[in-house]
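Engineer: A structural model of the following input is requested.
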Amino acid sequence: MREHALRFARWGLALLIVAFVVRTFQRNWQDLQAQPVAWTLRPLPALGSVLLVWSMYAMLIEAWRRMLAGWGQELAPFPAARIWVLSSLGKYIPGKVWAIAGMALMAREVGVAAWAATASAIFLQALAVGTGAATAAIAGGPALEAYRPGVLPWFWLAGALAVAGVVALLHPRVSRGVLALAGMGAEVPTPGAGPIVVGLLSNLLAWVGYGLAFWLLAAAVLPASSLQPAAAIAAFAASYVVGLVTLIAPGGLVVREALLIAMLSGRLGLGPATALAIASRVLLTITELGAAVPFLLLRRRHARAV
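Structural biologist: Here you go, the predicted structure:
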């Protein structure tokens with residue numbers, strides 16, 4: 001009975017995610033076509049952008065595996081990739097807990113303790129926000145200050161707090177306290193220093209990679225792009241972090257695009273900045289769906305074979 005309930009919950013969550021993703025893609029595609037911009041499509045930069053995003057996914061998946069290993073939970077690369085990719089689609093549902101809930105549910109099915117999957121997701125999410133804020137401040141301080149005077153110190157503060165938080169998490173008592181506040185229980189062990197440092201470095205590199213993929217996207221779709229790599233990294237990181245911490249925005253929708261447009265309109269013009277922001281949302285939806293579809297098809301074939 002319990003297994004049937006879990007299966008029903010998994011499929012219900014999957015259908016809800018698909019509905020939100022399809023609706024988001026349709027809306028963004030219509031907005032993209034409506035932009036009064038002379039479009040171009042250079043295949044090589046576009047392909048490079050997609051491949052770079054996927055390579056960042058692979059790196060973050062490995063960081064998650066190592067975090068789990070720090071808690072004594074072993075997970076092979078293929079199931080880890082499947083769980084990470086499919087659960088990440090939960091961010092398209094309003095609220096910020098569905099991705100973590102989906103990760104815990106699927107991890108449990110392959111023998112990983114649900115508490116370890118949840119705890120590792122919480123740790124890596126915290127590292128993502130802090131390192132993203134620091135990356136934005138380092139790569140694009142002037143752009144952030146031009147967007148809204150006085151906002152740059154807040155990004156520096158977030159970056160400093162992230163560093164302090166990582167140092168604090170290395171202490172077992174602090175990490176257990178964080179997990180206890182998240183409802184995980186004070187008896188949960190610490191993952192150790194190694195996995196946390198790997199998570200920190202992986203997230204830093206991921207922000208740089210995502211920003212460079214955004215820069216390649218601009219070169220692929222805009223006839224003449226003056227966007228520099230550092231500005232692309234800063235704009236992407238800042239907008240994504242703001243989208244992550246905005247609880248009411250599924251996947252940072254609208255909030256992320258608004259900040260991208262505000263930061264880039266001075267460099268590119270309002271029309272191209274708007275078009276690029278929407279194109280970025282379309283690209284991320286495509287890369288997320290493109291990464292998820294093979295796992296969905298393989299699971300369906302396996303179910304038919306059984």
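Engineer: hey, let's count contacts and neighbours off CA atoms from now on
Structural biologist: Fine.
Engineer: check contacts around Val50.
Structural biologist: By CA atoms under 8 Å, 6 or more residues apart in numbering, Val50 lies in contact with Ala213, Leu283, Thr287.
Engineer: and the first one, what pLDDT?
Structural biologist: On pLDDT, Ala213 comes in at 95.
Engineer: quick check on it: phi, psi?
Structural biologist: In terms of degrees, to the nearest 10, the main-chain angles of Ala213 are phi -60, psi -40.
Engineer: that one touches Leu47, doesn't it?
Structural biologist: No. Here Ala213 lies out of contact with Leu47, judged by CA atoms under 8 Å, at a distance of 9.6 Å.
Engineer: more neighbours: those two, which one.
Structural biologist: Ala213 (29 against 14; other CA atoms under 10 Å).
Engineer: gap between the more buried one and Thr285?
Structural biologist: Using CA to CA, to the nearest Å, Ala213 is found at 14 Å from Thr285.
Engineer: and if you look at Val85?
Structural biologist: In terms of CA to CA, Val85 sits 12 Å off from Thr285.
Engineer: out of those two, which sits in the more crowded spot?
Structural biologist: Val85 (23 against 20).
Engineer: OK, contacts around that one?
Structural biologist: With CA under 8 Å, 6+ apart, Val85 has these contacts: Glu288, Ala291, Ala292.
Engineer: out of the residues you listed, which end up buried?
Structural biologist: Glu288, Ala291, Ala292 (16 or more other CA atoms under 10 Å).
Engineer: which helix is the longest one in the chain?
Structural biologist: helix 270-305 (DSSP state H).
Engineer: name the residues of it that come out as buried.
Structural biologist: Buried residues in helix 270-305 (16+ other CA under 10 Å): 272-285, 287-289, 291-292, 295.
Engineer: with stretch 66-76 instead?
Structural biologist: Arg66, Met67, Leu68, Ala69, Gly70, Trp71, Leu75.
Engineer: residues in contact with that stretch: which ones?
Structural biologist: 65, 112-113, 116-117, 120, 189-192, 194-196, 198-199.
Engineer: select only the buried ones of those in ChimeraX?
Structural biologist: Buried subset of those, written as a ChimeraX selection, criterion 16+ other CA under 10 Å:
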select :65,112,113,116,117,120,189,190,191,192,195,196,198,199
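Engineer: among the contacts of stretch 66-76, which pair sits farthest apart?
Structural biologist: Farthest-apart pair in the contacts of stretch 66-76 is Ala113 and Val198; separation 21.1 Å (CA to CA).
Engineer: give me the angle between the strand or helix carrying Arg82 and helix 270-305.
Structural biologist: Assessed by DSSP states H and E, Arg82 sits inside helix 77-88. Helix 77-88 and helix 270-305 are oriented at 130 degrees to each other (axes from the mean of the first three to the mean of the last three CA atoms, to 10 degrees).
Engineer: ok so, going back, distance to Ala230 and pLDDT for the buried ones among the contacts of Val85 - can I get that in JSON lines?
Structural biologist: Shown next, in JSON lines, are the buried ones among the contacts of Val85 (distance: CA to CA, whole Å; pLDDT from 0 to 100):
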{"residue": "Glu288", "distance to Ala230": "24", "pLDDT": "88"}
{"residue": "Ala291", "distance to Ala230": "27", "pLDDT": "89"}
{"residue": "Ala292", "distance to Ala230": "30", "pLDDT": "87"}
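Engineer: which stretch of helix or strand covers Glu74?
Structural biologist: With DSSP H and E as the test, Glu74 turns up in no helix or strand.
Engineer: quickly note the distance from it to Val110.
Structural biologist: 10 Å.
Engineer: so where do the helices sit in the chain?
Structural biologist: Going by DSSP H, the chain shows helices at 2-34, 43-70, 77-88, 98-109, 114-147, 152-169, 172-181, 193-221, 229-245, 255-268, 270-305.
Engineer: how near is Ser239 to Leu264?
Structural biologist: 11 Å.
Engineer: before we move on, the earlier item: okay, the buried residues of stretch 66-76 in TSV with pLDDT and distance to Asn203 next?
Structural biologist: Converted to TSV, the buried residues of stretch 66-76 look like this (pLDDT from 0 to 100; distance: CA to CA, whole Å):
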residue	pLDDT	distance to Asn203
Arg66	91	13
Met67	88	13
Leu68	90	16
Ala69	89	18
Gly70	85	17
Trp71	82	20
Leu75	90	20
